[in-house]
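A.B. asks: okay, predicted coordinates and the sequence, questions at the end:
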Amino acid sequence: MDKLQAKESFYHALENEKLEFENFFLAKLFGLSFSYEEESCVINFESKNFMFNPQGSLHGGMIAFVLDVSMGHLCEKFLGTAVTLEMKTQFLRPVMEGMIRCESSFIKKGSKIIALSSELYNENGKLAATATSTWVKAK
């Protein structure tokens with residue numbers, strides 16, 4: 001593990017985090033970059049070896065985290081704050097070091113319940129994981 005890179009990411013997050021969407025500690029720690037298209041949220045980040053599991057690829061918990069964050073930010077941007085009720089994740093292929101893209105979209109927008117999907121693409125642009133989830137509006 002590149003300990004210097006991990007320390008730099010940690011201290012960057014400590015110095016720049018805010019308790020708000022896009023700027024919370026974990027988003028800063030992992031270097032998540034957010035953009036929005038027509039009813040979709042796109043997250044880009046660089047996969048680094050301090051995020052890896054012992055097998056040498058991006059940890060599944062990290063992948064699930066980014067999928068979840070993409071859907072939560074999509075809700076916040078277009079519908080307001082919502083919380084995850086459930087999420088199903090499928091891991092399709094490993095993610096190694098490099099630039100990673102994750103994109104979420106709505107399946108259905110109900111008055112209280114929201115269905116979403118998200119796809120994560122590995123460093124070669126191949127689909128590496130998918131998730132579907134159900135959310136409830138917080139307010």
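C.D. replies: The structure has been received and is ready for your questions.
A.B. asks: let me know the pLDDT of the most centrally placed residue in the chain.
C.D. replies: Using C-alpha atoms, centre = their mean, the residue of the chain that lies closest to the mean C-alpha position is V66, 1.7 Å off. Predicted confidence (pLDDT) for V66: 98.
A.B. asks: M1 now?
C.D. replies: 84.
A.B. asks: in terms of contact, does D2 touch N49 like I think?
C.D. replies: Yes. Counting by C-beta atoms under 8 Å, D2 touches N49, with 5.6 Å between them. C-beta: built from backbone N, CA, C; applies to glycine.
A.B. asks: part of a helix, is the residue nearest to the centre of the chain?
C.D. replies: Yes. Assigned with DSSP: H, G, I helix; E, B strand; the rest coil, V66 falls within a helix.
A.B. asks: quick one: contacts for it?
C.D. replies: F30, L32, I43, F45, I100, C102, L120 (C-beta atoms under 8 Å, 6 or more residues apart in numbering).
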